[in-house]
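[1] quick one, what's the 3D model for this:
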Amino acid sequence: MNAQKNEKSRNLKHVRVYDQLYRMIQEGVYPPGTQLPSEPELASRMGVSRMTLRRALSLLIDDGLVKNIRGKGNFIRCQESLSDPDRHGLETLGNPVYFCCKDQPDSLEMEFRLEPPSKPIAESLKQHCAAVVIADLWYKCHGQPVAYTLSILPIEAISRLEIDLNRPEMLREFLETGIYSQAAGSNLHLTASNAGNFSARKYVLSKQNTFLLVQEILYGKEGVIIAINKHFIPLELFQARIYT
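    Residues are numbered from 1 along each chain as shown. Model (predicted):
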């Protein structure tokens, strides 16, 4: 009986640590934006093993209260106000990366190329096009890649929307935000994927190699497809929000 009680106590220890840290965060002991003490130091303060602490931290990460930045440590997230009238989620026409990634990107790297459409691309776009623009976008947070997008656009849409390809920053800003003000609607399909790392090519986005893939089709006012996007978000960073 005592052995069972001791085992139960060990199993619940990380929950008690979670409760303690949760209260400390809510009470402002660790304010939003600050870094938690290192794991060895925090485990010592809490009087538990590092394994127990990590289990507690994983629960706080799941709750969206803490984020882990590789190579830097654990940080307290800024909490979202449910009364904020400017909050948006997947119910809104906008960039899914910003709606679904726990680590909000603060920079964007882009490369693009112009090439004739392959048969699968032409069929996906459901229109004849002389060429397509294919863009690779790597979203970063504090210098670390956190998401990747492959964008495909008919050259006719680029011309119609007056995007100057001689100014790459214009295309980058358009793909990041501008396209969503030009689009009349979208179609989203969410699925699990293990293709994110080799699709992103330049960077390893997830050591676990598991991703949430958001396949997005954007339509113009006339109902013609203006872009197809494939957004790869590491599963450990994925957090969807829908407000109704």
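[2] C-alpha from now on. contacts and neighbour counts both.
    Fine.
[3] where's the residue nearest the centre of the chain relative to Ala130, distance?
    The chain has Cys101 as the residue nearest its centroid, 2.3 Å off, counting by Cα atoms, centre = their mean. Distance, Cys101 to Ala130, using Cα to Cα, to the nearest Å: 35 Å.
[4] and the chain, what are its domain boundaries?
    Following automatic domain parsing, one finds the domains of the chain at 2-76, 96-237.
[5] how far off centre is the longest one?
    Mean C-alpha position of domain 96-237 versus that of the full chain (Cα atoms, centre = their mean, to the nearest Å) differs by 13 Å.
[6] thinking again about what came up before, show me the beta-bridge partners of the residue nearest to the centre of the chain.
    Assessed by DSSP bridges, Cys101 has beta-bridge partners Phe238.
[7] Glu156 and Leu171: what is the separation?
    For Glu156 relative to Leu171 (Cα to Cα), the value is 14 Å.
[8] out of the two, which sits in the busier spot?
    Neighbour totals were compared for Glu156 and Leu171, and Leu171 leads with 20 against 16 (other Cα atoms under 10 Å).
[9] from Leu150, how far off is that one?
    13 Å.
[10] same question for Asn194.
    Where Leu150 is concerned, Asn194 sits at a distance of 15 Å (Cα to Cα).
[11] same check on Ile228?
    8 Å.
[12] thinking again about what came up before, among the domains of the chain, show me which one is buried the most.
    Using mean count of other Cα atoms under 10 Å, the stretch among these with the largest mean neighbour count is domain 96-237, at a mean of 17.
[13] before we move on, back to that, give the contact list for the residue nearest to the centre of the chain.
    Listed by Cα atoms under 8 Å, 6 or more residues apart in numbering, the contact set of Cys101 reads 146-147, 233, 237-240.
[14] do that again at 6 Å, thanks
    When contacts are counted by Cα atoms under 6 Å, 6 or more residues apart in numbering, Cys101 is found next to 237-239.
[15] all helices for this structure, in order.
    2-26, 39-46, 50-62, 96-100, 119-125, 155-160, 168-173, 179-182, 196-200 (DSSP state H).
[16] in CSV: those, plus distance to Cys78 and mean pLDDT.
    CSV is the format used below for the helices of the chain (distance: least, Cα to Cα, whole Å; pLDDT from 0 to 100):
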stretch, distance to Cys78, mean pLDDT
helix 2-26, 11, 72
helix 39-46, 21, 94
helix 50-62, 13, 91
helix 96-100, 15, 92
helix 119-125, 40, 93
helix 155-160, 37, 95
helix 168-173, 26, 97
helix 179-182, 26, 94
helix 196-200, 28, 94
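[17] redo those as JSON lines? Include distance to Gln215.
    Formatted as JSON lines, those follow (distance: least, Cα to Cα, whole Å):
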{"stretch": "helix 2-26", "distance to Gln215": "35"}
{"stretch": "helix 39-46", "distance to Gln215": "37"}
{"stretch": "helix 50-62", "distance to Gln215": "24"}
{"stretch": "helix 96-100", "distance to Gln215": "10"}
{"stretch": "helix 119-125", "distance to Gln215": "12"}
{"stretch": "helix 155-160", "distance to Gln215": "19"}
{"stretch": "helix 168-173", "distance to Gln215": "19"}
{"stretch": "helix 179-182", "distance to Gln215": "15"}
{"stretch": "helix 196-200", "distance to Gln215": "13"}
